[in-house]
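Visitor: Pasting the sequence and the predicted model now:
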Amino acid sequence: MKIEQIYTGCLAQGAYYIESNGEAAIIDPLRETSPYIERAQKANTKIKYVFETHFHADFVSGHVDLANKTGATIVFGPGAQTSYKSHSAKDGESFKIGNITIKALHTPGHTLESTTYLLIDENGTNHAIFSGDTLFLGDVGRPDLAIKSDLTKEDLAEMLFDSLREKIMPLADDVIVYPAHGAGSACGKNLSKETVGTIGNQKETNYALRADMTKEEFVKEVLDGIPPPPQYFAKNAKLNKMGYDAFDSVLKTGNIALSPGQFEHLANTEDALVLDVRPQSDFIQGHIPNSIFIGLNGGFAPWVGALITDIKQPIILVVPEGKSEEAVTRLSRVGYDNTLGYLEDGIVGWESSGRAVSTLESIPATELEQRVSQDKLNILDVRKDGEFTASHLEDASHFSLDLINENTGTLDKDKTYYIHCAGGYRSVIAASILMARGYHNLIDVAGGYASIKKTNLPKTEFVCPSTL
């Protein structure tokens, strides 16, 4: 028996390759199928099943393509209905893969069809669970993402409480937990950085599995502090339920080199969004006017999903050399399939053609400190609410980057804004969006709040209330 976790940091997502005696199963695959098919071919193994723990909202799964290419059966939990061929498992139904068994445990709560898959090894021993978004390490899945349901988030939270206590907590403490996500995912609040755990460890450390917890306490604590889901979540869930274009065709039409003339033509005639995915330092030094920066070197796909509201938006790319296929692939993972190509020879080719390039002023935190001592500045903090609450510059204005579309109108185009985040990635995203909307008096603070903390600029720190 072989179990391999295939973890993707950008999405904080874990897919799983399971193999036994010439047969394999894939759990929660990403959009591109080659990592799974290549593993099976190398081991001379047939992929028999593709198990989906639920209709994912934070990424587009590769289940449809994988089934079409391998003949594998797609398996969802009870009640799942799809527009393509799939099998809706009954609670407790078993599936053989070589010498091992996968048993479906219906665990509704995150969504109605959410299912945990129990792996029973060659000796008949419960070995591991693949818990999807039902149970994370340190947390549980948010119960507010059901598609077209008349159930409230409180109803789903109550279901989740029952699922955890009736299906998962009775399992032996040494059963391994393989979750669908780790820290950084928007599918929960307090996910651990660890990606593999045990039932026993979670009983000891996960707030949601406290033995003395009442259902009412569970509902309150699970729902407390959940931010609104990113706008692309419902769109991805629909794609996972209804199907999508084959990834190979998306890559073929998106990974096309465009001359500066072709690139400019698409921007002007197809209303294509110019998306610059280079490192932020490159964008700062020179970029195509009105382009949007979201770098591959950060949380690329989730930020695309949070900030580009039209999932069908035509996109043309400015990429680091050799990164065009990666960019198209990572866009497709969150359902942005309408990429039309990338700029051949990048900014160098654009400038060589005589076309204009814009820059973004960026200063170190020490320079910000000097300017503040001479004048009152408009400082804009685009970190998340929790980051801002914990510590921020006095008199700084604030909204989280993911809410920039709702807050752009609160800014004054005649004023100069010094923008910062935690480390410098999100602030450049924010600046690029604002510049594209006609805000030109913008200055990035390099290194973000991590550098600002080292200065003597006045700060407001959160002090935890005394329990005495």
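Guide: Nice, I can see it.
Visitor: all helices in the stretch 51-200 of the chain, in order from the N-terminus.
Guide: Here the stretch 51-200 of the chain has its helices, by DSSP state H, counting those that start in this stretch, at 63-70, 153-163, 199-205.
Visitor: average pLDDT across the first one?
Guide: Confidence over helix 63-70, taken as the mean pLDDT, stands at 98.
Visitor: by contact count, what packs against that helix?
Guide: helix 34-42, strand 46-51, strand 73-76 (3 or more Cβ pairs under 8 Å, 6 or more residues apart in numbering; DSSP states H and E). For every residue, glycine as well, the C-beta is placed using N, CA and C.
Visitor: quick one, which of the helices of the stretch 51-200 of the chain is nearest to Gly22?
Guide: For Gly22, the closest of those is helix 63-70, at 13.8 Å, according to Cβ to Cβ.
Visitor: Not counting the closest one itself, show me its contacts.
Guide: 26, 29, 31, 33, 36-37, 40, 46-47, 50, 52, 72-74, 84-85, 240, 243-244, 246-248 (Cβ atoms under 8 Å, 6 or more residues apart in numbering).
Visitor: Ok, stretch 274-288 next?
Guide: With Cβ under 8 Å, 6+ apart, stretch 274-288 has contacts from 267, 290-297, 300, 304, 315-320, 323, 327, 343, 346-347, 350-351, 355, 357-360, 362, 424-425, 428, 432, 444.
Visitor: which of those are buried?
Guide: 267, 291-296, 300, 304, 315-320, 323, 327, 343, 346-347, 350, 360, 362, 424-425, 428, 432, 444 (16 or more other Cβ atoms under 10 Å).
Visitor: So which of those are in helices?
Guide: Members of these lying in helices (criterion: DSSP state H): 267, 300, 304, 327, 346-347, 350, 425, 428, 432.
Visitor: Which two of the residues you listed have the greatest separation?
Guide: Across these (Cβ to Cβ), the longest gap, 24.4 Å, separates Ala267 and Tyr425.
Visitor: Quick one: mean pLDDT for stretch 338-349?
Guide: For stretch 338-349, the per-residue pLDDT averages 97.
Visitor: Any buried residues in it, and which?
Guide: Quick answer for stretch 338-349 (16+ other Cβ under 10 Å): 338-343, 346-347, 349.
Visitor: now, among the residues you listed, which is nearest to Leu112?
Guide: Using Cβ to Cβ, the buried residues of stretch 338-349 come closest to Leu112 at Asn338, 30.4 Å.
Visitor: residues in contact with the closest one?
Guide: Contacts of Asn338 (Cβ under 8 Å, 6+ apart): 312-315.
Visitor: Report the separation between it and Phe51.
Guide: Distance of Asn338 to Phe51, computed by Cβ to Cβ, to the nearest Å: 29 Å.
Visitor: now swap in Gly424 and tell me
Guide: From Gly424 to Phe51 the distance is 40 Å (Cβ to Cβ).
Visitor: could the ones in helices among the buried ones among the contacts of stretch 274-288 go into a markdown table alongside distance to Tyr418?
Guide: A markdown table is the format used below for these (distance: Cβ to Cβ, whole Å):
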| residue | distance to Tyr418 |
| --- | --- |
| Ala267 | 30 |
| Phe300 | 25 |
| Val304 | 26 |
| Ala327 | 30 |
| Gly346 | 29 |
| Ile347 | 25 |
| Trp350 | 28 |
| Tyr425 | 16 |
| Val428 | 13 |
| Ser432 | 16 |
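Visitor: any chance of the helices of the stretch 51-200 of the chain in TSV, plus mean neighbour count and distance to Tyr17?
Guide: Shown next, in TSV, are the helices of the stretch 51-200 of the chain (neighbours: other Cβ atoms under 10 Å; distance: least, Cβ to Cβ, whole Å):
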stretch	mean neighbour count	distance to Tyr17
helix 63-70	21	11
helix 153-163	20	26
helix 199-205	17	22
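Visitor: So for Lys413, which of those sits nearest?
Guide: Closest among those, using Cβ to Cβ: helix 153-163, at 38.7 Å.
Visitor: what about the helices in the stretch 201-350 of the chain?
Guide: 215-223, 233-242, 247-254, 260-269, 280-285, 300-307, 324-332, 346-352.
Visitor: Pull the residues that contact the fourth one.
Guide: Counting contacts by Cβ under 8 Å, 6+ apart, the residues outside helix 260-269 that touch it are 258, 272, 274, 314, 316, 340-341, 343-344, 349-350, 353, 355.
Visitor: where does the protein dip in pLDDT?
Guide: Scanning the chain for pLDDT under 70 picks out 147-149, 463-468.
Visitor: repeat that with 90
Guide: Across the chain, residues meeting the criterion (pLDDT under 90) sit at 144-151, 183-192, 225-228, 373-375, 461-468.
Visitor: Which residue of it lies farthest from its centroid?
Guide: Gln374 (41.4 Å; Cα atoms, centre = their mean).
Visitor: how much space is there between Leu66 and Tyr49?
Guide: In terms of Cβ to Cβ, Leu66 sits 10 Å off from Tyr49.
Visitor: Spit out the residues that contact these two alike.
Guide: With Cβ under 8 Å, 6+ apart as the test, Leu66 and Tyr49 both reach 26, 72.
Visitor: Out of the ones in helices among the buried ones among the contacts of stretch 274-288, which comes closest to Gln370?
Guide: Val428 (21.7 Å).
Visitor: Report the contact partners of the closest one.
Guide: 280, 283-284, 293, 295, 360, 444.
Visitor: Nearest spatial neighbour of it, chain-adjacent residues omitted?
Guide: Leaving aside its sequence neighbours, Val428 sits nearest to Gln280 (Cβ to Cβ, 6 or more residues apart in numbering; 4.1 Å).
Visitor: how many neighbours does the one you found have?
Guide: 26 (other Cβ atoms under 10 Å).
Visitor: how does this structure divide into domains?
Guide: Domain assignment for the chain by automatic domain parsing gives 2-235, 245-352, 361-461.
Visitor: what's the span of the second one from first residue to last?
Guide: Translated: domain 245-352. This stretch, domain 245-352, spans 36 Å end to end (Cα to Cα, to the nearest Å).
Visitor: now swap in the longest one and tell me
Guide: Using Cα to Cα, the gap from the first to the last residue of domain 2-235 comes to 34 Å.
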